[in-house]
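here is my input, please return the structure:
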Amino acid sequence: MGIPASDVIPLSHARANFSELAEEVKGGAEKIITKNGESYIALIDAKRMDYYHQLERERIHLLLIDEASKGLDDVAAGKVKDARSAIAALKRRRSA
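Numbers count the residues shown, from 1 in each chain. Sure, this is the predicted structure:
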């Protein structure tokens with residue numbers, strides 16, 4: 001989903017028309033505020049930002065579950081090392 005050109009606003013315009021932009025955002029629009037012709041910040045509804053944060057937390061949880069599953073598969077396949085031996089080997093490599 002792209003951002004329409006009408007939703008890309010220079011910072012000077014955003015300063016002068018902030019209340020109007022806030023109402024548009026509250027109505028569902030998202031605005032990209034530019035500074036010196038480059039993307040600078042986004043103006044989005046607070047509820048939508050909360051939703052984006054929730055999605056990110058869920059994505060992190062799914063990644064952690066995937067990593068845990070891979071670890072359990074390694075254990076089931078016998079791809080394990082004794083923790084004390086592994087730490088000792090790391091320490092030896094660092095001191096060498």
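
and the residue nearest the centre of the chain, how far from I33?
What sits nearest the mean C-alpha location of the chain, by CA atoms, centre = their mean, is E56, with 5.8 Å. Per CB to CB, to the nearest Å, E56 is found 22 Å from I33. Using the backbone N, CA and C atoms, a C-beta is placed for each residue, glycine as well.

repeat for K70
41 Å.

tell me who's in contact with the closest residue in space to K31 that isn't next to it in sequence.
Distances taken as CB to CB, 6 or more residues apart in numbering place L43 nearest to K31, at 4.1 Å, with adjacent residues excluded. For L43, the contacting residues are A14, L21, A22, V25, E30, K31, I32, I33, by CB atoms under 8 Å, 6 or more residues apart in numbering.

ok, those residues vs L90, which is closest?
I32 (46.1 Å; CB to CB).

how many other residues sit next to the closest residue to that closest one other than its chain neighbours?
Closest residue to I32 apart from its sequence neighbours, by CB to CB, 6+ apart: V8 at 4.8 Å. For V8, the neighbour count with other CB atoms under 10 Å is 13.

cool, K31 as well?
Using other CB under 10 Å, K31 is surrounded by 20 other residues.
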